[in-house]
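Peer 1: Sequence isn't available, so here's the structure alone:
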Ligand SMILES: O=C(O)CCC(=O)C(=O)O
Ligand SMILES: [Fe+2]
């Protein structure tokens, strides 16, 4: 598990600047504590962005790419982003839980059959693949499809 503290200062041009650009998490599971007053997290569904509301002290549980890979696409790793605002700073704490990077992961055998063929190849060090694709603006899961 790795934990990241995110700090988003107020921004004079939220129309131009994201707090975090659109991405999917590399993890298996992400546990997120949002700022208890300031919204910012958004999720995309069918091309439309939706706010994730703030519920003070509640944890947001999100699934990451490695869950999507291991479940052969049954569990989804949703695309999300963080927007900035002109008035208030925002803080969040995200814990990413994932397999040991040295362990190869791939779709679980009994979730592969004729109705649901294998969607992803086996990979090691998925965190590095995810990071490099994020820097290049690629959709990471597409790069590990069979
Ligand atoms: O700050 C947030 O609410 C989410 C941050 C995030 O998506 C991440 O750290 O991967
Ligand atoms: Fe994220």
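Peer 2: That came through fine. Everything quoted here is computed from the prediction, not taken from an experiment. Residues are numbered from 1 along each chain as shown. Ligands and ions are numbered 1, 2, ... in the order given.
Peer 1: Tell me the backbone dihedrals of residue 11, please.
Peer 2: Comment: the main-chain dihedrals of residue 11 come out as phi -130, psi 130, following degrees, to the nearest 10.
Peer 1: State whether it and residue 87 are indeed in contact, as I suppose.
Peer 2: No - under the contact definition of Cβ atoms under 8 Å, residue 11 does not touch residue 87, with a separation of 9.8 Å. C-beta here means a position set from N, CA and C on the backbone, and glycine is covered the same way.
Peer 1: which of those two has more neighbours?
Peer 2: Just comparing residue 11 and residue 87: by other Cβ atoms under 10 Å the higher neighbour count belongs to residue 11, 17 against 8.
Peer 1: chain center to stretch 30-47: distance?
Peer 2: Shown here is stretch 30-47, whose average C-alpha point lies 11 Å from the average C-alpha point of the whole chain (Cα atoms, centre = their mean, to the nearest Å).
Peer 1: and the protein, which residues reach ligand 1?
Peer 2: With the criterion set to Cβ under 6 Å from any ligand atom, the chain comes near ligand 1 through 4, 6, 20, 25, 32, 34, 40, 41, 80, 82, 92, 94.
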